[in-house]
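Asks: What shape does this take:
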Amino acid sequence: MGAIFYFSSQHADPDQAWWTVVLRKFGHVGGYATLTALWTWALAGTVRRPLLTAAAISLAYAATDEYHQSFVDTRHGSAVDVAVDSLGIALAALAISLKPQAAKTKQFKDAGRSSKRAY
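Replies: Residues are numbered from 1 along each chain as shown. So this is what the prediction gives:
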């Protein structure tokens, strides 16, 4: 969260090339995906639904960060940026929710192999 706050406090160049804007949007997606994953990891075992709680925290931070940017010269808060941040949150949630299924499938396959081993 500190890194996001730091970058959102930086002054923006009003004459950015299109590719700079695209790279910044990818930064939003990656930053909020990472934030969601880290919150999920931190909350695992402490709350009933860590992924949902992590997504809610990340989304709330995205909204408050855009509000924060409205106070920085050459920056402005943007609902579009919150939507882009939400894409990163959703991608992290999807990746995290699919991972246990893959692990369970591998576990069942490994269990079948181990019973056939001769010791």
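Asks: tell me which element residue 37 is part of?
Replies: helix 18-43 (DSSP states H and E).
Asks: which residues does the closest residue in space to residue 35 that isn't next to it in sequence contact?
Replies: In space, residue 35 comes closest to residue 58 once its chain neighbours are excluded; the distance is 4.9 Å by CB to CB, 6 or more residues apart in numbering. In this view, the C-beta of every residue, glycine as well, is placed from N, C-alpha and C. Residues near residue 58 by CB atoms under 8 Å, 6 or more residues apart in numbering: 32, 35, 36, 39, 85, 89.
Asks: so the fourth one makes contact with residue 60?
Replies: It refers to residue 39. No. At 10.8 Å, residue 39 does not count as touching residue 60 under the criterion of CB atoms under 8 Å.
Asks: returning to that earlier point: between whichever strand or helix holds the residue nearest to residue 35 and helix 18-43, how big is the angle?
Replies: Element membership of residue 58 [criterion: DSSP H and E] is helix 50-69. Taking axes from the mean of the first three to the mean of the last three CA atoms, to 10 degrees, one finds helix 50-69 and helix 18-43 inclined to each other by 140 degrees.
Asks: Mind listing what's buried along helix 50-69?
Replies: By 16 or more other CB atoms under 10 Å, the buried positions in helix 50-69 come out as 50-51, 53-55, 57-59, 61-63, 65-66, 68-69.
Asks: Show residues contacting stretch 40-47.
Replies: 50, 51, 53, 54, 92, 96.
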